[in-house]
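Trainee: here are the coordinates; sequence isn't available:
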């Protein structure tokens, strides 16, 4: 996650500027690869880490993850075409593309800050969540054992 945010932060303005100076379709394809595949390779497991570390209760896991993901998609991915168009119309093609890349870099920086805060600044939060999960597992195991004993006694 950290490397994905740093890579995106560093390359986005250059890639968007590159889109304005390319003349061949294959060059656009290579630039798109830089902006999509390289950061996503390092960020692919982030969603699974998020679910595993933060959302232990399966009753709320999907709801919480779905709402957070969709709010992020609406706020950042949904506004990206509008902002890109606005930047290009108001500042010209070259500067507008650099500003669009800077917007992508800003979003990557915000993601990096959120990740660092969530992972390093609140270690007690993670310890408490792990303990809650252990207690949940122990209670579930005791309940299953009690049900097995009662079913065995009834027979």
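Mentor: Sure thing, it's come through. No experiment lies behind these values; they were computed from the predicted model shown.
Trainee: residue 12 touches residue 104, doesn't it?
Mentor: Yes - counting by Cβ atoms under 8 Å, residue 104 is a contact partner of residue 12 at 3.9 Å. Yep, even glycine has a C-beta here, placed from its N, CA and C like the rest.
Trainee: now the common contact residues for these two.
Mentor: residue 35 (Cβ atoms under 8 Å, 6 or more residues apart in numbering).
Trainee: spell out which residues make up each domain of the protein.
Mentor: 2-121, 123-155 (automatic domain parsing).
Trainee: would CSV of those domains with mean neighbour count and mean pLDDT be doable?
Mentor: Formatted as CSV, those follow (neighbours: other Cβ atoms under 10 Å; pLDDT from 0 to 100):
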stretch, mean neighbour count, mean pLDDT
domain 2-121, 15, 79
domain 123-155, 10, 69
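Trainee: ok, residue 108 - contacts?
Mentor: Taking Cβ under 8 Å, 6+ apart, one finds 4-6, 8-9, 12, 39 in contact with residue 108.
Trainee: quick check: closest non-adjacent residue to it.
Mentor: residue 8 (3.7 Å; Cβ to Cβ, 6 or more residues apart in numbering).
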